[in-house]
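Asks: A predicted structure for the sequence below; I have some questions about it.
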Amino acid sequence: MTDRFLLMGQNADLITRLDRLSKRAAWTFDQVTTPTGLVVELDHKRPAGIWWDLDASTLDTAIATMTLVRPQVHGPIIAFTTKITERIQRKLYQARVDDVVTFPFTDRVLRALIKQRLWLYQQVQDSTPKVLTKTASPRVITIGHWQVDYQNYRVLKNDLPVELTPKEFQLLSYLIDHRNQVLSRDQLVNGVWGYDILNTSRIVDIHISHLRDKLENDPHHPVHLLTVRGFGYKLAE
């Protein structure tokens, strides 16, 4: 099976080098150009790893985003940069980045590095014991014309299935668990993505918008997924 990576960056030279390297190693990659775009892509895809061009964003944004998505990425995160300091390296490794590669780099060495990291993650996954869990009791919540089946991760609207991404389902579930409560964007990020970090309000707004498009009869005049201006969002029954 071909390993597919996710590249965050716009550097033409880096893209060319990685494209040439990937063809030789029988890999492939998808490109995103913004940190928010990467977060959204991870809701739909499970890449073998992430390649991040540090010159394509500020360091604080890169670290915040990589910290946010690290639990979703079960493979290596490799950062590329034209300049590096001990402080930057320390902050990147604290964000659980696997490797920091500086320009210029040797294709053959980078290929060997990535292969080793893929092998290591595979060993960890193969050695993880399979835990038997008890079957959860059925739990279906009704909100207006929606039925949310927690056990089967399924949502119906007017008895018709609605396709949600895993993160959209998590966000909807969190809102339902706190229905009729006003939740700030920071609370939603912390509760759904698991990290209390800055510069993530856009991520919440995007996911709320997607939920409205899929669930509300009129996304521009929602009945349940409400905006509370100056505070955040709430789910009204």
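Replies: Nice, thanks for sending it over.

Asks: per-domain residue ranges of the chain.
Replies: With automatic domain parsing as the criterion, the domains of the chain are listed as 3-127, 140-235.

Asks: Output these as JSON lines; include the columns mean neighbour count and mean pLDDT.
Replies: Every C-beta, even on glycine, is put in place using the N, C-alpha and C of the backbone. Below are the domains of the chain laid out as JSON lines (neighbours: other C-beta atoms under 10 Å; pLDDT from 0 to 100):
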{"stretch": "domain 3-127", "mean neighbour count": "16", "mean pLDDT": "91"}
{"stretch": "domain 140-235", "mean neighbour count": "16", "mean pLDDT": "87"}
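
Asks: Show the contacting residues for T227.
Replies: By C-beta atoms under 8 Å, 6 or more residues apart in numbering, T227 lies in contact with 208, 233.

Asks: Give the bridge partners for it, please.
Replies: Y233 (DSSP bridges).

Asks: So it versus I77, what's the distance?
Replies: Distance check for T227 against I77: by C-beta to C-beta, to the nearest Å, it reads 34 Å.

Asks: Can you spell out which helices and strands pack onto the strand or helix carrying V109?
Replies: Using DSSP states H and E, V109 maps to helix 107-127. For helix 107-127, the elements it packs on are helix 12-25, strand 49-53, strand 77-81, strand 99-102, judged by 3 or more C-beta pairs under 8 Å, 6 or more residues apart in numbering; DSSP states H and E.

Asks: 6 Å instead, please
Replies: helix 12-25 (3 or more C-beta pairs under 6 Å, 6 or more residues apart in numbering; DSSP states H and E).
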